[in-house]
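> Next come a sequence and a model predicted from it.
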2 protein chains.
Amino acid sequence: MSEPARIRVAIVEDDAVLREALAEALATDPAMELHGAHGTAEDLLARHPAVAADVVIMDLNLPGIDGVACTRRVKAMWPATQVLVCTVQDDDDSLFNALCAGATGYLLKDARPAEVVRAVRMLHAGGSPMGTGIARRVLASFSAPLRPAKEIALLSQREREVLERLARGDRYKEIAEGLHLSIETVRTHVRNLYHKLQVGSRTDALNKLYPR
Amino acid sequence: MSEPARIRVAIVEDDAVLREALAEALATDPAMELHGAHGTAEDLLARHPAVAADVVIMDLNLPGIDGVACTRRVKAMWPATQVLVCTVQDDDDSLFNALCAGATGYLLKDARPAEVVRAVRMLHAGGSPMGTGIARRVLASFSAPLRPAKEIALLSQREREVLERLARGDRYKEIAEGLHLSIETVRTHVRNLYHKLQVGSRTDALNKLYPR
DNA sequence: GTGTTTTTCACACGAAAGTGGTATTGCGGC
DNA sequence: GCCGCAATACCACTTTCGTGTGAAAAACAC
């Protein structure tokens, strides 16, 4: 074909200087097509739903609707559009909120425009560009102890076994049978572990120990 | 210094040919020091605990203890050691199990030895090498619907609101007050939603809809 | 040893939760 | 209009849960 489909790239960046720099960098790449450079999330979201960009370069720190919320709404409106976050925020909250919102790339603002353009290519090709440090934090998050729940240390062995079955939804009677105890003993364990956890019901205990 | 600390790299790979190829590639890099090439997880784990490698190149498909279990034990024994998975398995299960076990790099076996060596450098420098497709799957996992729970679609709007409060641990009385209903209405909603979900208790419902 | 914690069990009571049936209102579809 | 569903509400009843009190044997700490 004489005209291979170009990558349609939209920009959401409140800093006009940076926005222009990005737009220029995109313009130098014949495979890219600037599909709108917006100063606010609202501007992007006001676009006609039928006209989707392939990639949105998204700043996080925006006036009004922030980049995370904007990402969420972009993915809701145009599920096939890829969002490349490009921000100064390099805290874990911003990172993981953005990823949960649907971003599939995450660059820090120290990336030069040329790198951003390269990232757009990678993103469009099915990759997920991110800085090395970012990647490490993402991977490390999988092995992070999901349950720091310290209170569990307060419980005795038997209480933990009872708790486990409480979590499964077993009734006292079933717990008693499963652990070869009398129901009264189960009651006692439950009472004591509730007290140690400072809760007053099964659901409270589970929410405290295994927050969803 | 005349001798900058070299990166100590251990290998766990049951295919002797590939193992040797990796060892050779490492030998060509002056910044690396081969710290043992093992054919099984057991061989690596039998090493003296005081002698840690900086990086372990880990195959997943191993006889005996598999690569995921080995990774877990490596991280338990030598927390500072970085594990670079290098495998033919590119299914999500292998990937995420390895990451949860503590791997901070994931390459597919189509990577040439030179690329593996580059990945070792990156890993040791605080990065997380992985193929582009891998990265995308990892990032996409964050925005994956954590609650595929289809049954929730069966519930009416009001039932969902009641369920939400059941999940929080509210008592019927509190739910009634919060939603400006009578307790009897709350009972009705609970009864109906339990029936739709095919469960018989609050905990069952939560376990069904929000598996931990 | 003595004292504390853990584990076991019992009785009793009130508060929730779960289950059955029934009924009225309102809304949207055929 | 009629049917079905959602939402509201009440009554009655059983079961389960949460809690107070008491107690005894075993394990563990000092």
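Ah, there it is.

> secondary structure class for A:G200?
coil (DSSP: H, G, I helix; E, B strand; the rest coil).

> what about whichever residue of chain A sits closest to DNA strand C, how many residues close to it?
The minimum distance from chain A to DNA strand C, using C-beta to the nearest atom of the strand, falls at A:S156 (2.6 Å). C-beta coordinates here come from the backbone N, C-alpha and C atoms, glycine included. Look at A:S156: counted by other C-beta atoms under 10 Å in any protein chain shown, it has 12 neighbours.

> swap in the one 3 residues further on?
Here the neighbour count serves as a burial measure; for A:E159 (other C-beta under 10 Å) it reads 19.

> And for chain A, the residue most distant from the center?
If you look at how far each residue of chain A sits from its centre, by C-alpha atoms, centre = their mean, the farthest one is A:S182, at 45.6 Å.

> quick one: that residue and A:A176 touch, right?
Yes. Shown here, A:S182 and A:A176 form a contact pair, counting by C-beta atoms under 8 Å, at 6.0 Å.

> quick one on the thing from earlier: enumerate every residue touching the residue farthest from the centre of chain A.
By C-beta atoms under 8 Å, 6 or more residues apart in numbering or on different chains, A:S182 lies in contact with A:A176.

> could you redo the last one with a cut-off of 10 Å?
Contact partners of A:S182, counting by C-beta atoms under 10 Å, 6 or more residues apart in numbering or on different chains, are A:A176, A:T188.

> what are the phi and psi angles of it?
phi -90, psi 160 (degrees, to the nearest 10).

> separation between it and A:Y172?
10 Å (C-beta to C-beta, to the nearest Å).

> now do A:R187
In terms of C-beta to C-beta, A:R187 sits 6 Å off from A:Y172.

> Which strands and helices lie in contact with the longest helix anywhere in chain A?
If you go by DSSP state H, chain A has its longest helix at helix A:183-197. Counting contacts by 3 or more C-beta pairs under 10 Å, 6 or more residues apart in numbering or on different chains; DSSP states H and E, helix A:183-197 packs against helix A:157-168, helix A:172-179, helix A:202-209.

> Mean confidence (pLDDT) on that helix, please.
The average pLDDT within helix A:183-197 is 95.

> could you check the angle helix A:172-179 makes with that helix?
100 degrees (axes from the mean of the first three to the mean of the last three C-alpha atoms, to 10 degrees).

> Contacts for helix A:183-197 next, please.
Under C-beta under 10 Å, 6+ apart, the answer for helix A:183-197 is A:149, A:151-156, A:158-163, A:165-166, A:170-179, A:181-182, A:199-202, A:204-206, A:208-209.

> Any quick ChimeraX command for the buried ones out of those?
Buried members of these, defined by 16 or more other C-beta atoms under 10 Å in any protein chain shown, are picked up in ChimeraX with:
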select /A:152,155,158,159,161,162,163,165,166,170,172,175,176,179,181,199,202,204,205,206,209
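
> Look at the residue sitting nearest the centre point of chain A and report its pLDDT.
In chain A, the centroid-proximal residue (C-alpha atoms, centre = their mean) is A:C100; its distance is 2.2 Å. As predicted, A:C100 sits at a pLDDT of 94.

> ok, the residue farthest from the centre of chain A to chain B distance?
Computed as C-beta to the nearest C-beta, to the nearest Å, the A:S182 to chain B distance reads 22 Å.

> and if you look at A:V138?
Per C-beta to the nearest C-beta, A:V138 is found 6 Å from chain B.

> What is the host helix or strand of that residue packed up against?
Using DSSP states H and E, A:V138 falls within helix A:132-143. Contact partners of helix A:132-143 among helices and strands, from 3+ C-beta pairs under 10 Å, 6+ apart: helix A:92-101, strand A:105-108, helix B:67-77, helix B:92-101, strand B:105-108, helix B:113-124, helix B:132-143.

> Send over the second one as CSV, restricted to the C-alpha atoms.
By that I understand strand A:105-108. What follows is strand A:105-108, C-alpha atoms only, in CSV (Å, rounded to 0.1, in the frame of the first residue of the first chain):
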residue,chain,number,x,y,z
GLY,A,105,2.8,2.3,29.3
TYR,A,106,4.4,4.6,31.9
LEU,A,107,7.2,7.0,31.3
LEU,A,108,8.6,9.7,33.6
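
> low pLDDT regions in chain A?
A:1-4, A:145-149, A:212 (pLDDT under 70).

> Name the residues of it found near DNA strand D, please.
When proximity is defined by C-beta under 7 Å from any atom of the strand, chain A lies next to DNA strand D at A:R171, A:Y172, A:K173, A:R187, A:T188, A:V190, A:R191, A:Y194, A:G200, A:S201, A:R202.

> No further queries at this time; thank you.
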